[in-house]
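Student: give me a model of this one.
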Amino acid sequence: MPSESARAHQQVKLWIPRRVLITPAAREYAHGRNIAEKAASLGAEVIELNSNRLRGLVSDDPRRAYMDAKSTLAIVVSPRSKRKLEPIPPSADWRFDLAEGCPAHCQYCYLAGSPSGPPLTRVYANIEEILDGLSEYVGWGTITSASNARAEEGTTYEASCYTDPLAIEHLTGSLAKAIRRFGEWKAPVQLRFTTKYDNVDSLLALGHNNHTRIRFSINSAPVARFEGGTAIMAARLNAMRRAALAGYPVGLTIAPIMPEGNWREAYGLLLRQVAVTLAGLPNVDLTMELITHRFTPKSKAVLNEWYNASKLDMDEDPRAKKRTKFGSLKYVYPAELMKEMRKFFEQAITEHLPSARILYWT
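Tutor: Residues are numbered from 1 along each chain as shown. Model (predicted):
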């Protein structure tokens, strides 16, 4: 069996949907047609719908509905209402969507229960309209635009709030279009996205002009077992090194942080692996985002339907209750444990990655 180091150079098998649904509105855009043609060339069945509404995706069997959705790509048009940007603290000033949904099988998926209906992946055909609408938000925002500590990032735009855009880039090419657009943008702006995949090669030669930060979501070995269908940690770290060599600002999102087993040792090992990966690279622009595990009653119910044999700990009793600004309930780790974990990470990052900037802990 190949070692973890050897496997780091083997890309995860890229997702090929079993079927692709394309709406009449999406067919009017060259980008939508190109996505359908690419998927067909890779063996997917392309179904041209007669309506712009996606129908027939619900099943009485939640597991069957999940599997059908996870093997389906829908090419649709992002409506004007979804192109109105929203703040996305603490990550960035604004979020915008190239797609919605993800082909991975993460048993803690924070998207569970957020979009309505089965978890199919929707990609947007009208990418030029989406990108054209970003300029009116330059200089506005409350995260980096109004922050002295992060002012050098300019106005920041998060593209991975409701998807992992690299997971579907081999089908869409949407990330490449966005990176080129930001690279040509004569303004203090930054595109940001995070990924659990490693297929960055098509992005390395793009003229990003330091206006895109590629962040890699990583985790300790005890937690990584919950991330089905994604690239292994060593492969993600190897992809980060390649991106840094191509001049990209890079980042690590450690999420969701869980105190599983001997968590100090496991996360310490992970940070040492990062340090080894980046060794010898001069002037790496590296940020860290630290996000602890949390869940809502709705997401727990959905995840238990999707992954009914999961060993993921979602016991509510030892958790603390927290209300969002909208009044909804979520379960987080108790305050003392949060303080203990935060102290550990701040000290360990200072020790192993002294040049890294911690953007936030949540």
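Student: what's the neighbour count on the residue nearest to Ala255 when sequence neighbours are not counted?
Tutor: Once flanking residues are discounted, Ala255 sits nearest to Ile291: 3.7 Å by CB to CB, 6 or more residues apart in numbering. C-beta here means a position set from N, CA and C on the backbone, and glycine is covered the same way. Neighbour count for Ile291, taken as other CB atoms under 10 Å: 17.
Student: what segments of the stretch 101-250 of the chain are strands?
Tutor: Counting by DSSP state E, counting those that start in this stretch, the stretch 101-250 of the chain has strands at residues 105-106, 121-124, 155-158, 189-195, 212-218, 227-228, 250-257.
Student: for the last one, which strands pair with it and how are they oriented?
Tutor: Using DSSP bridges, the strands paired with strand 250-257 are strand 212-218 (parallel), strand 286-292 (parallel).
Student: mind putting those strands into TSV with distance to Phe345 and mean pLDDT?
Tutor: Shown next, in TSV, are those (distance: least, CB to CB, whole Å; pLDDT from 0 to 100):
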stretch	distance to Phe345	mean pLDDT
strand 212-218	13	98
strand 286-292	6	98
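Student: please identify which of these is closest to Ile35.
Tutor: Checking those against Ile35 by CB to CB gives strand 212-218 as the closest, at 21.1 Å.
Student: got the angle between the closest one and strand 189-195?
Tutor: Put simply, strand 212-218 runs at 20 degrees to strand 189-195, going by axes from the mean of the first three to the mean of the last three CA atoms, to 10 degrees.
Student: how far does strand 212-218 sit from its chain's centre?
Tutor: How far strand 212-218 lies from its chain's middle: 8 Å, per CA atoms, centre = their mean, to the nearest Å.
Student: what about the nearest residue to Arg241 once chain neighbours are set aside, distance to Glu45?
Tutor: Leaving aside its sequence neighbours, Arg241 sits nearest to Thr277 (CB to CB, 6+ apart; 5.2 Å). Using CB to CB, to the nearest Å, Thr277 is found at 39 Å from Glu45.
Student: out of these two, which sits in the more crowded spot?
Tutor: Thr277 (19 against 11).
Student: the helix or strand encompassing the more buried one packs against which elements?
Tutor: Using DSSP states H and E, Thr277 sits within helix 263-278. Counting contacts by 3 or more CB pairs under 8 Å, 6 or more residues apart in numbering; DSSP states H and E, helix 263-278 is packed against helix 221-224, helix 233-245, strand 250-257, helix 335-352.
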